[in-house]
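>>> Sequence and predicted structure below; questions after.
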Amino acid sequence: MIGAIAGDIVGSVYEWDNIKTKDFDLFSSRSFFTDDTVLTVALVDSILTGRPYDENMRRFYKWYPGVGYGGSFHKWAKNPGLGPYNSWGNGAAMRISPVGFAYDDLDTVLKKAREYTEVTHNHPEGIKGGQATAAAIFLDRQGKTRDEIKTYIENEFGYDLNRHVDEIRTTYQFDVSSQGTVPQAVRAFIDSSGFEDALRTAVSLGGDSDTLACITGGIAQAFYKGVPEDIQVRVYRILDDRLRDITEKFMQRYCSQKPPQNQADSKR
């Protein structure tokens, strides 16, 4: 799931300043983590500790109140008595990547993706987006090919994944819906040549850049068997101690990936 966080941070500076090219600085002094990262790490913490996810999201919201949440989530997080708000937005898919890494059979992945999604996003499209993202990560871990993953996602969730990113890019605009984000993010992975290229491809589509790259980054991490060390170092440097420590614990337990050797430098 460090791949999802990397995507969020890389895309953060382009969400409101879209670009339509893969030629850009991957990180800059303006790069930052958003609600995509915070809620992903909140889910990681729930998986690691067993703390209910709704409780954890509200707890993390209090710690990080101004990182880009949508209006409906703000209202939900501030009112513990509120239940799901029937969202069809991409906010569930952006945070779900840990499920694809933490569980070892597809049925459980789909069940857990639904469980963690419908805490807020109980609209069928919201659930579908979360399940499709987690399933793609799980299938990557099983060694499935791009074509096999594409076929499964299309057949199981009804997404059209036939358009190449070069075709999507020409007309794609900002879209916060699950159905307007998840297929494009999956296709960015399909058309990528490596982890870094996957992030660049997702951002180059424009639109909700941090969320697109967050979803693509989680899938790409699983397919390409990790995240390049130099990218990890930059990511860990941007995270604060709390987010970094939780991420490291999950990565070591579920992704068999120790922190970079020069991790000490990234904390300075």
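The structure has been received and is ready for your questions.

>>> Low-confidence stretches in the stretch 151-268 of the chain?
Applying pLDDT under 70 to the stretch 151-268 of the chain flags the ranges 257, 261-268.

>>> That one: helices as residue ranges?
Assigned by DSSP state H, counting those that start in this stretch, the helices in the stretch 151-268 of the chain fall at 165-171, 182-190, 195-204, 209-223, 229-238, 241-254, 263-266.

>>> thinking in terms of the whole chain, how far from its middle is the longest one?
Looking back up the chat, that one is helix 209-223. 5 Å (CA atoms, centre = their mean, to the nearest Å).

>>> sorry, back to before: nearest to residue 156 among the helices of the stretch 151-268 of the chain would be which one?
helix 182-190 (12.0 Å; CB to CB). C-beta coordinates here come from the backbone N, C-alpha and C atoms, glycine included.

>>> Could you check how far that closest one is from the centre of its chain?
12 Å.

>>> which other residues reach that helix?
90, 93, 128-129, 132-133, 136, 146, 149-150, 153, 159-161, 163-165, 168, 172, 198, 201-202, 205, 207, 211-213, 215-216, 219-220, 223 (CB atoms under 8 Å, 6 or more residues apart in numbering).

>>> Now it - C-alpha only, CSV.
Extracted C-alpha coordinates of helix 182-190, given in CSV (Å, rounded to 0.1, in the frame of the first residue of the first chain):
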residue,chain,number,x,y,z
VAL,A,182,-11.7,3.4,-11.0
PRO,A,183,-11.8,2.1,-14.7
GLN,A,184,-9.5,4.9,-15.8
ALA,A,185,-7.1,4.1,-12.9
VAL,A,186,-7.1,0.4,-13.7
ARG,A,187,-6.5,1.2,-17.4
ALA,A,188,-3.5,3.4,-16.4
PHE,A,189,-2.0,0.4,-14.7
ILE,A,190,-2.7,-1.9,-17.7
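
>>> Ends of stretch 222-232, what's the gap?
Start-to-end span of stretch 222-232 (CA to CA, to the nearest Å) is 15 Å.

>>> contact partners of it?
Identification of contacts with stretch 222-232 by CB under 8 Å, 6+ apart yields 2-3, 6, 26, 100-101, 136-138, 140-141, 146, 189, 194-196, 198, 221, 235, 255, 257, 259-262.

>>> Buried ones in stretch 61-75, by neighbour count?
61, 64, 67, 68, 69, 72, 73 (16 or more other CB atoms under 10 Å).

>>> The contacts of stretch 222-232, buried ones only, as a ChimeraX selection?
Buried residues within the contacts of stretch 222-232, by 16+ other CB under 10 Å, are selected in ChimeraX with:
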select :2,3,6,100,101,136,137,138,140,141,189,195,196,198,221,235,255,257,259,260
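
>>> related to what we said a few turns ago, with pLDDT, distance to residue 48 and secondary structure as new columns, can the buried residues of stretch 61-75 be given to me in a markdown table?
Listed next are those as a markdown table, based on pLDDT from 0 to 100; distance: CB to CB, whole Å; DSSP: H, G, I helix; E, B strand; the rest coil:
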| residue | pLDDT | distance to residue 48 | secondary structure |
| --- | --- | --- | --- |
| 61 | 98 | 19 | helix |
| 64 | 98 | 18 | coil |
| 67 | 97 | 21 | coil |
| 68 | 96 | 24 | coil |
| 69 | 97 | 23 | coil |
| 72 | 96 | 27 | helix |
| 73 | 97 | 22 | helix |
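
>>> Pull the most distant pair out of these.
Of all pairs in those, the most separated under CB to CB is 64 and 72 at 17.3 Å.

>>> can you pull out the helices in the stretch 1-150 of the chain?
2-12, 35-49, 53-63, 71-78, 97-102, 106-117, 124-141, 146-157.

>>> tell me which strands and helices the fifth one is in contact with?
So that's helix 97-102. Packing partners of helix 97-102 (3 or more CB pairs under 8 Å, 6 or more residues apart in numbering; DSSP states H and E): helix 35-49, helix 106-117, helix 124-141, helix 209-223, helix 241-254.

>>> So for residue 179, which of those sits nearest?
helix 124-141 (5.2 Å).

>>> Need the CA coordinates for that closest one. PDB is fine.
Only the C-alpha atoms of helix 124-141 are listed here, as PDB (Å, rounded to 0.1, in the frame of the first residue of the first chain):
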ATOM      1  CA  PRO A 124     -23.600   0.100  -5.300                       C
ATOM      2  CA  GLU A 125     -21.200   2.100  -7.400                       C
ATOM      3  CA  GLY A 126     -19.100   3.000  -4.300                       C
ATOM      4  CA  ILE A 127     -19.000  -0.600  -3.200                       C
ATOM      5  CA  LYS A 128     -18.100  -1.800  -6.800                       C
ATOM      6  CA  GLY A 129     -15.200   0.600  -7.000                       C
ATOM      7  CA  GLY A 130     -13.700  -0.500  -3.700                       C
ATOM      8  CA  GLN A 131     -14.100  -4.200  -4.500                       C
ATOM      9  CA  ALA A 132     -12.700  -3.800  -8.000                       C
ATOM     10  CA  THR A 133      -9.600  -2.000  -6.700                       C
ATOM     11  CA  ALA A 134      -8.900  -4.600  -4.000                       C
ATOM     12  CA  ALA A 135      -9.600  -7.500  -6.300                       C
ATOM     13  CA  ALA A 136      -7.100  -6.200  -8.900                       C
ATOM     14  CA  ILE A 137      -4.400  -6.000  -6.200                       C
ATOM     15  CA  PHE A 138      -5.100  -9.500  -5.000                       C
ATOM     16  CA  LEU A 139      -5.000 -10.900  -8.500                       C
ATOM     17  CA  ASP A 140      -1.700  -9.100  -9.100                       C
ATOM     18  CA  ARG A 141      -0.400 -10.900  -6.000                       C
END
